[in-house]
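Undergrad: Here is my input; please provide its structure:
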Amino acid sequence: MQTEIGSDFWQLDLKNEKNIFWWEATGYFYNYYKSGRNAIKALCKCLDRSNKTILLPVYTCESVIIPFIEENWKVFFYNIRLNLQIDMDSLLKMYNEVNPDVVLFQGYFGFDTTKASIDVLKNLSDCGCILVEDITSNFLSNNMTDFADFYISSFRKYFAIPDGGILVSRKEMPKLDVEEAVERVVEDALLAYAAKQAYFEKPSAEKKSEFKKLYKVFYNDVEVNDKLYRMNLMSKEILEKIDIRKIKTKRQNNYNYLLYELQKYHDITPVLGECTSGVTPLFIPIYYNGKRERLQEYLAYNGIYCPVIWPKPSQIIVEDDLTRSLYEKMLCIPIDQRYGVDEMKEIIRVLNEFV
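TA: Below is the predicted model:
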């Protein structure tokens, strides 16, 4: 069993066969960039709109918001329900109020959380609105829509990869000025991966401090978004050879094991339902009806690192209890491919101690 559960990836699970992704099929055009945030920057440059107004889900990552603001877009938000479905009344209300050029929507944690909104989204498309689907949480699931104009994704959420994001379009995109890949990203990533491997082979406080410092340097490299940058060749090779079947199977099994076990806790409510064969879950998100910080700290004290996805972006003003619950009560439990039943049992053991 792993001595710690969660936090940064470091292991490369590669296979011999080359992966074929849906965007490589005829009818799609795509470009790889340094990050998902960099891909959004490219999207902004592809969209020639004078109004430059976009609607985003109110539950989102700040890294999605900032590139639009940096490119001088006006950003507005529509509500998301506690089950992570789009609040269609809110979406239509905001659409009529601000008349946006673009509506961005997304699935959450690998699940199809847009299914109930498809007819509304298609109607917006028929009215001339450009639809962008953020598939970062869902790019290993089989539930993306087939009608969005653009798709964006980051690749670093599911496995160890130095950098990488993608912008996919149904039409040929304009040629943009793109800088060569930043080789320092790969160098710093490999140093961080090696340091974390060394820590797990022989744990110590010094080694833990060292790999945390190196990951910070690595992440800072990726976050630079002043220009458009190509994705590194090594990252493309990892994407081509990553063992997706293993990732899917492990995550599905771990998720469903925890989902069943979590039913016994009165103050813990899983946000989403059962993980079916077409879903590759990112985490198992829960709502905790108590002081989330206490639960998170107790789990971390026992070597289980559960992130808050996401901290509330500074650009969002929360005015309703539902959105407040999304940002203040949700916690994400790791269920990824590094772990199996033993680690899931350890999570339940620690939760039992806590409650």
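
Undergrad: in this structure, which residue is closest to the centre?
TA: residue 137 (4.0 Å; Cα atoms, centre = their mean).

Undergrad: part of a strand, is that residue?
TA: No. Under DSSP: H, G, I helix; E, B strand; the rest coil, residue 137 sits outside any strand and is assigned coil.

Undergrad: Could you check how far it is from residue 29?
TA: 23 Å (Cβ to Cβ, to the nearest Å). The way it works is simple: take the backbone N, C-alpha and C, and place the C-beta from them, glycine included.

Undergrad: For stretch 233-243, what is the distance to the chain centroid?
TA: 18 Å (Cα atoms, centre = their mean, to the nearest Å).

Undergrad: Equivalent analysis for stretch 139-151, please.
TA: For stretch 139-151, the distance to the chain centre is 14 Å (Cα atoms, centre = their mean).

Undergrad: and the end-to-end length of that stretch?
TA: 10 Å (Cα to Cα, to the nearest Å).

Undergrad: Which residues does that stretch contact?
TA: Here stretch 139-151 makes contact (Cβ atoms under 8 Å, 6 or more residues apart in numbering) with 22-23, 43, 46, 107, 110-112, 114-115, 118, 121-122, 125, 130-135, 138, 153, 155, 158, 166-171, 244, 247-248, 278-280.

Undergrad: Now that we have those residues, which of them are buried?
TA: Buried subset of the contacts of stretch 139-151 (neighbour count, 16 or more other Cβ atoms under 10 Å): 23, 43, 107, 110-112, 114, 121, 130-135, 138, 153, 155, 158, 166-169, 244, 247-248, 279-280.

Undergrad: In strands, which of these appear?
TA: 130-134, 153, 166-169 (DSSP state E).

Undergrad: Pipe these into JSON lines and attach pLDDT and distance to residue 58 per row.
TA: JSON lines is the format used below for these (pLDDT from 0 to 100; distance: Cβ to Cβ, whole Å):
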{"residue": "130", "pLDDT": "97", "distance to residue 58": "20"}
{"residue": "131", "pLDDT": "98", "distance to residue 58": "18"}
{"residue": "132", "pLDDT": "98", "distance to residue 58": "16"}
{"residue": "133", "pLDDT": "98", "distance to residue 58": "17"}
{"residue": "134", "pLDDT": "98", "distance to residue 58": "14"}
{"residue": "153", "pLDDT": "98", "distance to residue 58": "21"}
{"residue": "166", "pLDDT": "98", "distance to residue 58": "25"}
{"residue": "167", "pLDDT": "98", "distance to residue 58": "23"}
{"residue": "168", "pLDDT": "98", "distance to residue 58": "25"}
{"residue": "169", "pLDDT": "98", "distance to residue 58": "26"}
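
Undergrad: now, which of those residues sits nearest residue 236?
TA: residue 166 (10.5 Å; Cβ to Cβ).

Undergrad: pLDDT averaged over stretch 101-121, what's the number?
TA: Averaging pLDDT along stretch 101-121 gives 97.

Undergrad: send the alpha carbons of it over as CSV?
TA: Only the C-alpha atoms of stretch 101-121 are listed here, as CSV (Å, rounded to 0.1, in the frame of the first residue of the first chain):
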residue,chain,number,x,y,z
ASP,A,101,-20.7,35.8,-28.3
VAL,A,102,-19.6,32.6,-26.5
VAL,A,103,-21.0,30.2,-23.9
LEU,A,104,-18.5,27.8,-22.3
PHE,A,105,-19.8,24.7,-20.5
GLN,A,106,-18.2,21.6,-19.0
GLY,A,107,-18.7,18.2,-17.5
TYR,A,108,-17.5,17.7,-14.0
PHE,A,109,-15.2,15.0,-12.6
GLY,A,110,-15.6,12.8,-15.7
PHE,A,111,-19.4,12.6,-15.5
ASP,A,112,-22.0,13.6,-18.1
THR,A,113,-23.4,16.7,-16.2
THR,A,114,-24.6,18.4,-19.4
LYS,A,115,-26.9,15.8,-20.7
ALA,A,116,-30.1,17.5,-19.4
SER,A,117,-29.0,20.8,-21.0
ILE,A,118,-28.3,19.6,-24.5
ASP,A,119,-31.5,21.0,-26.1
VAL,A,120,-31.0,24.4,-24.6
LEU,A,121,-27.4,24.5,-25.7
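
Undergrad: which residues of the protein fall in strands?
TA: Using DSSP E, strands in the chain cover 5-6, 29-33, 53-57, 74-78, 102-106, 130-134, 150-154, 165-169, 268-270, 284-288, 304-305, 330-333.
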